[in-house]
Structure formats: C-alpha cells, structure tokens
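**Student:** Just to be clear, the model below is a prediction. Sequence and coordinates:
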Amino acid sequence: MSEEHTHPETGSAPALDLATAATMAALFKALSDPTRVRIIAALLEGERCVYDLAGALEMTHSAISHQLQLLRNLRVVRYRKEGRHVFYALDDAHIQGLLLQSLEHARHG
C-alpha cells in the first residue's frame, strides 16, 4: 500500500468517510454484474461503439446501452459522439487496474 493511503503512525488504511464508502460500494456493485464486467473487459482493447459491443457480447443494442448508461453514471466509462455514433472507452487506468486485478484474483484461486 502506498504511503499516501496509509496512516502515518500505524501503517493501516485510514477510516473512510460515508460518502467515499458509498461511492466505492456503488463501483463494486457495478462490477458485480457479469454483463458489465464483460463490457469493461471488451473496452480493455480500446474504444468501441455500442453496435460493436453488442455484436462481441451477442446481446441486443438496447441491453448494452442500458448497462453502459449505468457504467457512465458511475464514471467507469466515458463516451464521445461522432455524428450519429457513440463510442465508449474506460474512464481511466484505475478501472483497467481493477478489472485486471480481479481477473488475476479469480484465476488464482
């Protein structure tokens, strides 16, 4: 654990305020759905449009859009519009790290 995330005297993690704990819980809840995890994994390869994601995951455009909206609200993914097309990407490297660490953990044990 880095020094900025530990208590200077005990070396333990600091207590979390309620707002931070709620934000973290919402993120873990988002990652608790297999479809959303598969969407995030697909976005590890880079930016993709809804239709590409629907095809890759063999799901409807509507179902993918619904999940992307939730992920967008939690700042897990970001989007940009190009004409009539909407492209999605992971919001930042933290999300990629969470997914890769979770994958390593799942495969480890």
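**Tutor:** Nice, I can see it. Numbers count the residues shown, from 1 in each chain.

**Student:** who's the closest residue to L43 other than its chain neighbours bridged to?
**Tutor:** Spatially, and ignoring its direct neighbours in sequence, L43 is nearest to L90 (5.0 Å; Cβ to Cβ, 6 or more residues apart in numbering). Using the backbone N, CA and C atoms, a C-beta is placed for each residue, glycine as well. Beta-bridge pairing for L90 (DSSP bridges): V77.

**Student:** pretty sure L90 is touching V77, no?
**Tutor:** Yes - L90 is within contact range of V77, at 6.1 Å (criterion: Cβ atoms under 8 Å).

**Student:** Let me see the contact set for the residue nearest to L43.
**Tutor:** By Cβ atoms under 8 Å, 6 or more residues apart in numbering, the contact set of L90 is I40, L43, L44, V76, V77, R78, Q96.

**Student:** where along this structure do the strands fall?
**Tutor:** Ranges of strands in the chain, per DSSP state E, are 48-49, 77-82, 85-90.

**Student:** Pairing partners for the shortest one, with directions?
**Tutor:** For strand 48-49, the paired strands and their directions (DSSP bridges) read strand 85-90 (antiparallel).
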